[in-house]
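Novice: okay, here's the prediction I keep looking at, along with the sequence it came from:
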Amino acid sequence: CRTIPIVGESALIPTLTNGLALEFERSDAARRLRLLLNELLIIMAQVKDGGLDVVHSSELFESVVYLDEIGDVLCIAQAELPGLLYIPDIAEALLYVPNGIYMLCRLVANSPDSFQEVCATLISNGDKHDEDAPLGKIRIKALRVLCQMNMAEILSVRRKAVELCHMPGLTIILTLDYCRVEEEKNANHNSIVGDLVAFISGLLLGSDDKIRNWFGQYFRNCQKKPEGDGNPTHLLREELLQRLKNLVLFSIDHHNLPDAKVVQASSLLRLYCALRGIGGLRFVEEEINLLLQLLTSHPPPSPAGIRFVSLGLCMLLACPSLLTTTDQEKRAIDWIQWLLKEESHFGSTSGVNASFGEMLLLIAIHFHSNQMSSITELVYSTLGMRIPIRSNNLARMKTIFTQEIFTDQVVTAHAVKVPVTKNLSRNVTGFLPVHCIHQLLKSRAFTKYKVPIKDWIYKQICCTIPPLHPVLPGLIEVYVNSVLTPSSKGSVDTTNEPITEEEILTVFSKSVFMCQDQAKTISHTSKSMLQELNKSSLTSQLLLLYYLLLYEDTRLSNMKSILASDRKVKRYSPQFIAKIPIFYLIQRAQKDQQEFAGLFSPLLRLLTTHYPHLCLVQSWLTDEEDIDLTLKNSSVKLLKWPEGGFSKDSLDKAFEQVDSCPFQLLSHLNHLLALPVQQLWPYASKFVTYLPKLLDHTDCLQILIKAKKVWWKLNSIFPRNLWVITVNAFPQKAFKTAKKLTLDDIILDPLHVLRCDKRIFRCPPFMEIVLHMLQAFLAASRTHLYHHTLEQPMLEKTGLLENEKDRDDLRTALVAAQESAAVQILLECCLPTEADKKAVGLLTNLREIQSLICSHLHQVFISEPSCWIN
């Protein structure tokens, strides 16, 4: 250190004949003050300049006999000269003199309001990591003694050290001191008090990266140094080891752990994982044995017990050093086998949907498929920390799971027996049976061992509620692939069984859009399943719609390979799919995208590919105020009708009396517009049947416009059924006795739409409806012809057709012929008749019809330019 100036040269002490201690003893009060100030100011200046890095030798402060008198003089000097003697500067300087901690305590005790400032200064001047230097130890001791003087401020001092990321050893020491004080206050010595585990866990696992890296680096550095009695990390390990012993002894004495102890044990296990993974802690033999005894203990069947087991399983995976001997491995195997036996008891007693049984299955599945990265992600998410896990360290655990506990066949047989999760939604967290089934489907384990899985998947789909669980769309995708794509070439029996039409209709049987005759045909077996359906079955209906569309898309894409291998796969008939309210469901998914995240986009993609006639712009731009998309769980009461009740009979009467009382029909139409969709659809058939009667009243424009609005609202519910009813309601007079057309008939020949009552061609509101149906059926016909070519792929040369290109050319020519014929008919409709020529005025029905047709043709030209080129 720097040379100290001669005392005699100081302005405070002109002459000094004896030693400093002897002078202090013989001097009066004023001279004593000067002696102390002279010594203290010199040290403060050297500290400020950085000239001192070790304890300064001072005869005055080394004299134990005069310490009390020196303390009194120091306190008086600071009180009289606060501007010169700033307490935080004095505190820092006192660390460099003998007995400085004692003097510091005397000073702070006489100025208690300076406690926080002094502690903050000492911490900010401390080291960030290395506290092994002599001065660092003195600084820790000084702060510790100050906190022992004022225990009420011990947590605030610790918080300041964490905030500044300085003196990590101090935080450990203060935490241990705080725990001891709390233990002395607590009469129950069996309980664990203090926040040691919570505090250290917060440092290592908190959200602040700066604090986590700071403390983790300190702990790792300490592991490289020899352990000493005063080493904070050594003291921490001793305290944690003692707590570990107490929990193990408690579990041995009581044969299991109660809920309160389980929570403490879970926190302790998680902390040990963090110390090992983030702090680089290497377990000693005693720690290994105690940790293994604790994590293989038997917790109670409660949510806390399930959490403890999950943490224990992940700790075995994350800390392979726990299983280094044969006895340790046997203990772990026995514990896992006990878990398998108690799994159902835990699930039924705890009331928790996600239990450790699913995690065991999931770990076994990942080991069988050699997905080590998935296992590490599972460990990360369960422990709540990312710690290094090497794949080669998991080799022994893989052997235990795949060969000694869970063989591949045992996994599949066990998984299908696991009950489905009731009311499965995004809010149900943890590892669920659906995760296990998803992984097993991806690995084709069910088809390999011929374990039927269809019923389990169907039940789980039926037991879902919004918001949609994110794994369900992926589950349906791998299930569809397992149904249609064999796991190996030439093997027909390596596919799963598809969901039956009857099972699908069961989910839709409560829908008001389903005919009652169809609902009555459901078997007793399906009715029992119907009772398990949740009241709000919209989620199940959307999932089954996604299954249907994806199944047909995958089947058509693989049709060539299916026929080449001479396999027979199930085909859902168009008549069956027509019973599903596809458009209504897709609108619900669009409106509630937050509830059905991850499902609307793939549904829309499949819809535009296979059902373009349901994706027409005009249908999607219907005013939302005219469409009530709220699905009621229970039966909806009919809206009040002022004239004693609204019914199909009253609607009949209103249409019959339209000549004499058009206002009554107008009131009925307004009421239909006000009805929610669940109440409106039962009137669809009756309403459309009477529409031709309005063709005789084209002068009642308000009624026609209201009727058109009602039709568009019905179109937002079940468009394809509505189109068939409408086409059959407007036959030409020459074809009134012909049989009713079906959806397939109109799709095969879309020009049926234009073979309607000629009066429509001069009724603009109804002509708008006809043009929309024509556009939709032309699009449906194009898709139908394309699907036909996919259904019947060319495996070899047949007849005049050389290849697929010839078939595509013929299909394109047929489509062009249909569209050209439709355009030709519409153009002819624009020609004036004799009656049109006699009409006067600019805004005639013909002019409006011409405007509608020209607008329609303009859209056709934009969407299909080839129609005009041909």
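Specialist: Now that the structure is in, tell me what you want to look at.
Novice: so which bits of the longest helix anywhere in the chain are buried?
Specialist: Longest helix in the chain by number of residues (criterion: DSSP state H): helix 764-791. Within helix 764-791, the residues scored as buried using 16 or more other Cβ atoms under 10 Å are 764-786, 789. In short, each C-beta sits where N, CA and C put it, glycine included.
Novice: check stretch 714-734 too.
Specialist: So stretch 714-734, judged by 16+ other Cβ under 10 Å, has buried residues 714-731.
Novice: what does stretch 819-839 give?
Specialist: By neighbour count on 16+ other Cβ under 10 Å, the buried set for stretch 819-839 is 819, 822, 823, 825, 826, 829, 830.
Novice: again with stretch 452-464
Specialist: 453, 454, 456, 457, 458, 459, 460, 461, 462, 463, 464.
Novice: hmm, who's touching it?
Specialist: With contact meaning Cβ atoms under 8 Å, 6 or more residues apart in numbering, stretch 452-464 is reached by 416, 420-425, 433-434, 437, 440-441, 446, 472, 475-476, 479, 496-499, 503, 507, 529, 532-534, 537, 539-540, 543-544, 547.
Novice: one more time with 7 Å, if that's ok
Specialist: Contacts with stretch 452-464, where a contact means Cβ atoms under 7 Å, 6 or more residues apart in numbering, come from 416, 420-425, 434, 437, 446, 472, 475, 479, 496-497, 499, 503, 507, 529, 532-534, 539-540, 543-544.
Novice: stretch 690-697 now?
Specialist: Counting by Cβ under 7 Å, 6+ apart, 655, 658, 703, 704, 707, 729, 730, 757, 759, 760, 763 sit against stretch 690-697.
Novice: so how far does that stretch reach from one end to the other?
Specialist: 12 Å (Cα to Cα, to the nearest Å).
Novice: residue 486 should be in a strand, yeah?
Specialist: No. According to DSSP: H, G, I helix; E, B strand; the rest coil, residue 486 belongs to no strand; its state is coil.
Novice: what pLDDT does it get?
Specialist: Note on residue 486: pLDDT of 88.
Novice: which positions in the strand or helix carrying residue 294 come out as buried?
Specialist: Using DSSP states H and E, residue 294 maps to helix 285-295. Judged by neighbour count using 16+ other Cβ under 10 Å, the buried positions of helix 285-295 are 287, 288, 289, 290, 291, 292, 293, 294, 295.
Novice: relative to helix 285-295, how tilted is the next helix or strand after it?
Specialist: Using DSSP H and E, the helix or strand that follows helix 285-295 in sequence is helix 303-318. Going by axes from the mean of the first three to the mean of the last three Cα atoms, to 10 degrees, helix 303-318 is angled at 140 degrees with respect to helix 285-295.
Novice: what helices or strands is the helix or strand that comes right after helix 303-318 leaning on?
Specialist: Per DSSP H and E, the first helix or strand lying C-terminal to helix 303-318 is helix 326-350. Using 3 or more Cβ pairs under 7 Å, 6 or more residues apart in numbering; DSSP states H and E, the elements in contact with helix 326-350 are helix 303-318, helix 356-368.
Novice: in this structure residue 470 contacts residue 428, no?
Specialist: No. Residue 470 lies out of contact with residue 428 (Cβ atoms under 7 Å); the separation is 11.1 Å.
Novice: neighbour-wise, which of these two wins?
Specialist: Shown here are residue 470 and residue 428; by other Cβ atoms under 10 Å, residue 428 has more neighbours (17 against 11).
Novice: tell me the pLDDT at the more buried one?
Specialist: Looking at residue 428, its pLDDT is 89.
Novice: any weak-confidence spans in the stretch 301-450 of the chain?
Specialist: By pLDDT under 70, the weakly predicted segments of the stretch 301-450 of the chain are 347-355.
Novice: ok, the stretch 751-870 of the chain next?
Specialist: Across the stretch 751-870 of the chain (using pLDDT under 70), the flagged ranges come out as 795-802, 840-842, 866-870.
Novice: which of the buried residues of stretch 452-464 sits closest to residue 113?
Specialist: Using Cβ to Cβ, residue 464 comes nearest to residue 113 of these, at 62.9 Å.
Novice: what's the separation between that closest one and residue 398?
Specialist: 33 Å (Cβ to Cβ, to the nearest Å).
Novice: ok, residue 659 to residue 696 distance?
Specialist: Note on residue 659: its distance to residue 696, by Cβ to Cβ, is 8 Å.
Novice: how is the protein divided into domains?
Specialist: Domain assignment for the chain, taken from the TED database, gives 226-406, 435-515+533-614, 617-635+665-792+810-868.
Novice: distance to residue 94 added to those, as TSV?
Specialist: Listed next are the domains of the chain as TSV, based on distance: least, Cβ to Cβ, whole Å:
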stretch	distance to residue 94
domain 226-406	21
domain 435-515+533-614	61
domain 617-635+665-792+810-868	75
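Novice: which non-adjacent residue is nearest residue 141?
Specialist: residue 101 (6.2 Å; Cβ to Cβ, 6 or more residues apart in numbering).
Novice: residue 607 belongs to a strand?
Specialist: No. Read with three-state DSSP, residue 607 is helix and lies in no strand.
Novice: so who does it touch?
Specialist: 549, 586, 614, 615.
Novice: surely the third one meets residue 580?
Specialist: No. With contact defined as Cβ under 7 Å, residue 614 does not reach residue 580; the gap is 11.4 Å.
Novice: who's more crowded, these two?
Specialist: More crowded of residue 614 and residue 580, by other Cβ under 10 Å: residue 580, with 24 against 18.
Novice: please, which helix or strand holds residue 745?
Specialist: Applying DSSP H and E, one finds residue 745 within helix 743-748.
Novice: for that helix, what is the average pLDDT?
Specialist: Computed over helix 743-748, the average pLDDT equals 94.
Novice: got the buried residues for it?
Specialist: Neighbour-count burial for helix 743-748 flags 743, 746, 747 (criterion: 16+ other Cβ under 10 Å).
Novice: tell me the spatial nearest neighbour of the second one, not counting adjacent residues.
Specialist: Excluding its sequence neighbours, the residue lying closest to residue 746 (Cβ to Cβ, 6+ apart) is residue 752, at 4.9 Å.
Novice: nearest to residue 217, of the contacts of stretch 690-697?
Specialist: Out of the contacts of stretch 690-697, the member with the shortest distance to residue 217 (by Cβ to Cβ) is residue 707, at 77.3 Å.
Novice: which strands or helices does the strand or helix carrying the closest one pack on?
Specialist: Under the criterion DSSP H and E, the helix or strand holding residue 707 is helix 701-715. Packed against helix 701-715 by the contact rule (3+ Cβ pairs under 7 Å, 6+ apart) you find helix 662-674, helix 764-791.
Novice: please state the offset of it from the chain centre?
Specialist: 43 Å (Cα atoms, centre = their mean, to the nearest Å).
Novice: and what of stretch 550-564?
Specialist: The answer for stretch 550-564 is 33 Å, by Cα atoms, centre = their mean.
Novice: cool, and stretch 608-624?
Specialist: 30 Å.
Novice: tell me the buried residues in it?
Specialist: Counting neighbours by 16+ other Cβ under 10 Å, the buried set in stretch 608-624 is 610, 611, 613, 614, 615, 616, 619.
Novice: likewise for stretch 391-401?
Specialist: 394, 397, 398, 400, 401.
Novice: now the helix or strand encompassing residue 720 - C-alpha only, PDB.
Specialist: In the assignment (DSSP H and E), residue 720 maps to helix 719-729. Presented in PDB, the C-alpha positions along helix 719-729 are these (Å, rounded to 0.1, in the frame of the first residue of the first chain):
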ATOM      1  CA  PRO A 719     -77.000 -24.100 -48.500                       C
ATOM      2  CA  ARG A 720     -76.900 -27.400 -50.400                       C
ATOM      3  CA  ASN A 721     -80.100 -28.700 -49.000                       C
ATOM      4  CA  LEU A 722     -81.700 -25.300 -49.600                       C
ATOM      5  CA  TRP A 723     -80.600 -25.300 -53.200                       C
ATOM      6  CA  VAL A 724     -82.200 -28.700 -53.900                       C
ATOM      7  CA  ILE A 725     -85.500 -27.600 -52.300                       C
ATOM      8  CA  THR A 726     -85.400 -24.300 -54.300                       C
ATOM      9  CA  VAL A 727     -84.700 -26.000 -57.600                       C
ATOM     10  CA  ASN A 728     -87.600 -28.500 -57.100                       C
ATOM     11  CA  ALA A 729     -89.900 -25.600 -56.000                       C
END
